[in-house]
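[1] The following comprises the amino acid sequence and a computationally predicted model.
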Protein chains: 2
Amino acid sequence: MPRAATASDVFNAIAEPQRRDILTLLRTGERPATDVARALGLTQPGTSKHLRVLREVGLVQDRRAGKQRIYRLDARGLRVIHEWTGGFERFWSESFDRLESYVQDMKHTSEGASHE
Amino acid sequence: MPRAATASDVFNAIAEPQRRDILTLLRTGERPATDVARALGLTQPGTSKHLRVLREVGLVQDRRAGKQRIYRLDARGLRVIHEWTGGFERFWSESFDRLESYVQDMKHTSEGASHE
DNA sequence: ATGACGCTTTCCTATATGGGCATATGATAG
DNA sequence: CTATCATATGCCCATATAGGAAAGCGTCAT
């Protein structure tokens, strides 16, 4: 079984680099689809598909403007990810320390009794 | 072409719910592989595969302890994700406001001229 | 050495996915 | 109504999964 459906999971939606690029680009303001494609050097159909996924998970909203379809960032969905990773924040500094003390322990141990 | 290799991209690694569960579990302390499987109700080989992915992207570290292999969280890799999503933080509240004013506009418009 | 335990790897399969291309849909202009 | 521009879809392919089952190590006890 492959990964869970991209279209229903924000984590999955941003697992694709190009989609992250699109979101980053849209931070500078809303844009018509073709603009997005051009700005990022992507094909038009490809961009459209990525935008569709982003739309389905709610990370962008779209609006009609004549022939164009304007896409706008709706970053609220990223919050859950920010918070989930935030739950690990205290381990970022800690793990360095722990690793070092672990290495120290190993040194001592092997100095005391030199069995590997 | 499918998504970029899971094993090289942290975004991809945490796109899989079970792997997120594993990471969350490991926040409570290191555990032997079987323990992880049991605690989460996963199959043992499946767990092993997920742990391998997490190991390859550096989110966990492993250590031998007799017959067992102890897995430990190394959350440093999550930092980049936290920071990336953090770049969108200011849009979280903003988008609500914008959405509301947009809804207001719509109301006014359709009140003025009742065409849908 | 033998066996049991803990875990990893290998096969195999079903299914998403992303990319390219052609085509369809939608809206506006003439 | 037709041509045209802006996007979206459909189709086909190659590839990466995740899952299940079975077999392959490495380690420890006897």
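    Received it, and whenever you're ready, just let me know what you need.

[2] Contact partners for the residue positioned nearest the centre of chain A?
    For chain A, the residue nearest the mean C-alpha position is residue A:14 (4.0 Å; C-alpha atoms, centre = their mean). Contact partners of residue A:14, counting by C-beta atoms under 8 Å, 6 or more residues apart in numbering or on different chains, are A:20, A:23, A:59, A:78, A:81, B:11. All C-beta spots, glycine's among them, are computed from the backbone N, C-alpha and C.

[3] so who does the second one touch?
    Going by C-beta under 8 Å, 6+ apart, residue A:23 touches A:14, A:54, A:59, A:60, A:73, A:75, A:78, B:88.

[4] repeat that with 10 Å
    For residue A:23, the contact set (C-beta atoms under 10 Å, 6 or more residues apart in numbering or on different chains) comprises A:13-14, A:50, A:54, A:59-60, A:73-75, A:77-78, B:84-85, B:87-88, B:91.

[5] what does residue A:90 give?
    Here residue A:90 is in contact with B:27, B:75 (C-beta under 10 Å, 6+ apart).

[6] same deal with residue A:71?
    Residues in contact with residue A:71 (C-beta under 10 Å, 6+ apart) are A:22, A:25-26, A:30-33, A:35-36, A:47, A:51, A:54-55, A:60-63.

[7] try residue A:33
    Here residue A:33 is in contact with A:44, A:47, A:48, A:50, A:51, A:62, A:68, A:69, A:70, A:71 (C-beta under 10 Å, 6+ apart).
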